[in-house]
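Asks: Sequence and predicted model, in that order:
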Amino acid sequence: MKRVITYGTYDLLHYGHINLLRRAKALGDYLIVVLSTDEFNWNEKHKKTYFTYNQRKQLLESIRYVDLVIPEENWQQKRSDMHEYHIDTFVMGDDWKGKFDFLREEGVEVVYLPRTPEISSSQMKKDLYNAASVEESKLNHDEINTDPSL
C-alpha cells in the first residue's frame with residue numbers, strides 16, 4: 001500500500017483544498033492529512049483560524065479522499081511522521097516548493113502540486129472583510145415568503 005501525507009491548516013475549506021486532496025490521494029492508496037492544531041497555528045504560524053481544530057478535523061474527515069487526520073503540533077514532527085506512518089510520498093502545494101526537500105533524506109518522494117490559481121483562503125478572508133463594509137440585506141429568513149401560492 002502506497003501512503004501519502006500532506007500538511008495544512010485547512011481553514012475556510014474550499015474547492016482548491018479539495019483539488020489538492022484529490023490529486024494527493026491519486027498519488028497513492030492511503031492519504032493522511034496532518035492538520036495544524038490551534039496552538040501551533042497561533043504560536044508558530046501566527047494565524048488565527050475561524051474554525052477550531054476539531055471543527056476543521058471533522059470537515060476533513062468527511063472528504064472521501066482523506067483516510068486519516070492527525071494533529072500537527074510543531075514544525076519538527078515531519079521527519080518522525082515519515083517513519084511512524086510509513087510514508088512513501090510527501091505532498092504540499094507548490095507555494096512551498098523547495099521548503100521540504102530535506103524529507104527526501106528520510107526516503108520519501110517529495111511532490112509539490114500546483115495550487116488552484118483562482119482561490120485561496122487568504123483571498124477569501126480579504127473579500128469577506130471588504131464585503132462586511134458594504135451594508136447587508138436587512139431581511140432574515142422569517143421575513144421571506146417562500147410559498148409560491150401566495
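Replies: Yes, it's here.
Asks: Helix, strand or coil: sort out Ile32 for me.
Replies: Per DSSP: H, G, I helix; E, B strand; the rest coil, the secondary structure class of Ile32 is strand.
Asks: who's in contact with Thr89?
Replies: By Cβ atoms under 8 Å, 6 or more residues apart in numbering, the contact list for Thr89 reads Lys2, Arg3, Val4, Ile5, Leu27, Gly28, Val108, Glu109, Val110, Val111. For every residue, glycine as well, the C-beta is placed using N, CA and C.
Asks: For it, name its beta-bridge partners.
Replies: The residues listed as beta-bridge partners of Thr89 by DSSP bridges are Val4, Glu109.
Asks: Can you tell me how far it is from Ile32?
Replies: Applying Cβ to Cβ, to the nearest Å, one obtains 11 Å for the distance of Thr89 from Ile32.
Asks: any common contacting residues for these two?
Replies: Residues within reach of Thr89 and of Ile32 at once, by Cβ under 8 Å, 6+ apart, are Arg3, Val4, Ile5.
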